[in-house]
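**Q** Need coordinates for the below:
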Amino acid sequence: MNRRRFFKTVAIGAATCAALKPAEATASNREIGSIIDLTLCDGCEGLQTPACVAACREKNADRFPKPDPQYLQDYWPQKRHEDWSNKRGVTNRLTPYNWTYVEALEVGGRRIFLPRRCMHCDDPACQKLCPFGVIGKSKEGAVHIDENFCMGGSKCRDVCPWNIPQRQAGVGLYTKIAPKFMGGGAMYKCDSCADLLAQNKAPVCALKCHKKAIIFGEKSAMKKEAKRRAEAIGGFVYGIDEGGGTSTFYVSPVSFAEIDGAIAAKKGEDKAFGRPQMPPNITSKLNGAEGLFAAALIAPIAAVAGAAIAVYKGSKND
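**A** Presented below is the predicted three-dimensional model:
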């Protein structure tokens with residue numbers, strides 16, 4: 001593919017992308033939710049890596065990015081790129097190689113262990129605003145990214161209330177289409193073990209949790225149980241309304257405002273992505289004028305993406 005051919009298809013891509021929308025998830029009695037009970041999680045103290053984190057890494061190792069060094073370039077026209085390929089063993093934050101982690105916090109005199117990963121929103125902002133249309137939601141409620149067609153634009157992270165997806169340069173479809181003109185790698189995050197949920201099996205994080213602090217089940221039942229547990233301890237639930245509603249329900253003996261403050265204090269000058277805070281009552285980033293503005297910014301990116309994918313598919317058929 002050459003420069004002339006690529007840009008010649010942009011106009012076609014614009015028209016195509018204007019008509020493309022991510023598939024909407026339909027209601028299903030198989031919709032699954034989860035509870036993360038902070039009164040039970042002990043962070044697997046004594047283990048080098050928490051069991052849920054180790055299980056996730058083991059299950060998804062084959063899907064972790066394998067960047068080609070020749071494509072570890074700055075995101076055109078920017079002068080930066082995100083490369084975690086030399087830090088694959090990091091487990092104390094979210095990375096393209098680590099889709100869940102456990103944050104240890106001191107909150108109000110209590111030791112709290114906070115497992116973090118994708119919240120699997122009811123109406124995912126990432127899915128709505130992905131310029132490449134590669135984010136889907138299963139009938140069980142698992143929000144997933146197709147890393148094979150992701151261009152790494154990171155708009156999913158920008159609009160995620162918790163900035164969950166993480167980017168790795170040097171991988172993805174753009175390396176086959178137009179490495180000098182577009183793309184930034186691919187985005188990675190927890191997919192709630194969508195393949196296991198589809199088989200009516202629990203995700204590996206729940207299976208390996210020795211304290212049963214993470215459980216999965218029918219969503220309405222999980223929501224009801226989370227409320228019951230919180231009420232029994234005079235505690236708090238997070239995830240029912242936050243971000244417009246999610247499939248993940250945290251139960252805590254301390255308020256999430258306190259937890260959020262503790263995370264902020266612990267982060268200090270660490271401004272890098274991957275250690276999300278937990279602001280209470282956070283709303284979707286697609287509300288009102290902000291959402292319209294974001295959509296306007298996405299339009300030209302979607303046009304280029306559509307052109308690139310059209311070129312790639314065309315070349316595969318030649």
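
**Q** what helices or strands is the one helix or strand Leu105 maps to leaning on?
**A** Secondary structure assignment for Leu105, by DSSP states H and E: strand 101-107. Here strand 101-107 touches helix 51-60, strand 110-116, helix 256-267, going by 3 or more Cβ pairs under 8 Å, 6 or more residues apart in numbering; DSSP states H and E. Every residue, glycine included, has its C-beta placed from N, CA and C.

**Q** and it, which strands flank it?
**A** Sheet pairing for strand 101-107, assigned by DSSP bridges, gives strand 110-116 (antiparallel).

**Q** Run the chain-centre distance for the helix or strand following the partner strand.
**A** Using DSSP H and E, the helix or strand that directly follows strand 110-116 along the chain is helix 125-129. Centre-to-centre, helix 125-129 and its host chain are 11 Å apart (Cα atoms, centre = their mean, to the nearest Å).

**Q** returning to what we had before: just the CA coordinates for the strand holding Leu105, please, in PDB.
**A** The C-alpha coordinates for strand 101-107 follow below in PDB (Å, rounded to 0.1, in the frame of the first residue of the first chain):
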ATOM      1  CA  TYR A 101      -4.400  -5.600  40.000                       C
ATOM      2  CA  VAL A 102      -5.000  -5.100  43.700                       C
ATOM      3  CA  GLU A 103      -4.500  -1.700  45.300                       C
ATOM      4  CA  ALA A 104      -3.500  -1.800  49.000                       C
ATOM      5  CA  LEU A 105      -4.700   1.200  50.900                       C
ATOM      6  CA  GLU A 106      -4.900   2.600  54.400                       C
ATOM      7  CA  VAL A 107      -8.400   4.100  54.900                       C
END
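
**Q** Run through who's touching that strand.
**A** Under the contact criterion Cβ atoms under 8 Å, 6 or more residues apart in numbering, strand 101-107 has outside partners 41, 43-44, 50, 52-53, 91-94, 111-117, 254, 258-259, 262-263, 266, 275.

**Q** Buried subset of these as a ChimeraX selection?
**A** Buried residues within these, by 16 or more other Cβ atoms under 10 Å, are selected in ChimeraX with:
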select :41,43,44,50,52,53,91,93,94,112,113,114,115,116,117,254,258,259,262,263,275
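
**Q** Can you give me the distance of Pro165 to Asn98?
**A** Per Cβ to Cβ, to the nearest Å, Pro165 is found 13 Å from Asn98.

**Q** When these two are compared, which one has more neighbours?
**A** In this comparison of Pro165 against Asn98, neighbours counted by other Cβ atoms under 10 Å, the higher total goes to Pro165 at 29 against 26.

**Q** Show the backbone phi and psi for that one.
**A** Dihedral angles of Pro165 (phi, psi; degrees, to the nearest 10) stand at phi -60, psi 140.

**Q** Is it in contact with Lys189, as I believe?
**A** Yes. With contact defined as Cβ atoms under 8 Å, Pro165 reaches Lys189; the gap is 4.4 Å.

**Q** Can you check which residues contact both of these two?
**A** Taking Cβ under 8 Å, 6+ apart as the criterion, Pro165 and Lys189 both touch Cys118, Ile145.

**Q** now the strands for the protein?
**A** Taking DSSP state E, the strands of the chain run over residues 32-37, 101-107, 110-116, 135-137, 143-145, 166-168, 186-188, 214-218, 236-238, 248-252.

**Q** what's the fifth one in contact with?
**A** In other words, strand 143-145. Applying Cβ under 8 Å, 6+ apart, the contact partners of strand 143-145 are 118, 120-121, 124, 126-127, 134-138, 156, 165, 186-189, 191-192, 194.

**Q** One more: the first one?
**A** The set of residues external to strand 32-37 that reach it, using Cβ under 8 Å, 6+ apart, is 115, 140-142, 192, 197, 203, 206, 213-223, 225-226, 229, 247-251.

**Q** One more pass at 7 Å, please.
**A** 115, 140-141, 197, 213-219, 222-223, 225-226, 229, 247-251 (Cβ atoms under 7 Å, 6 or more residues apart in numbering).

**Q** what does the last one give?
**A** Under the criterion Cβ under 7 Å, 6+ apart, residues 33-39, 119-120, 222-223, 226, 229-230, 235-240, 259 lie in contact with strand 248-252.

**Q** So what are the sheet partners of it and their directions?
**A** For strand 248-252, pairing defined by DSSP bridges yields strand 32-37 (parallel), strand 236-238 (antiparallel).
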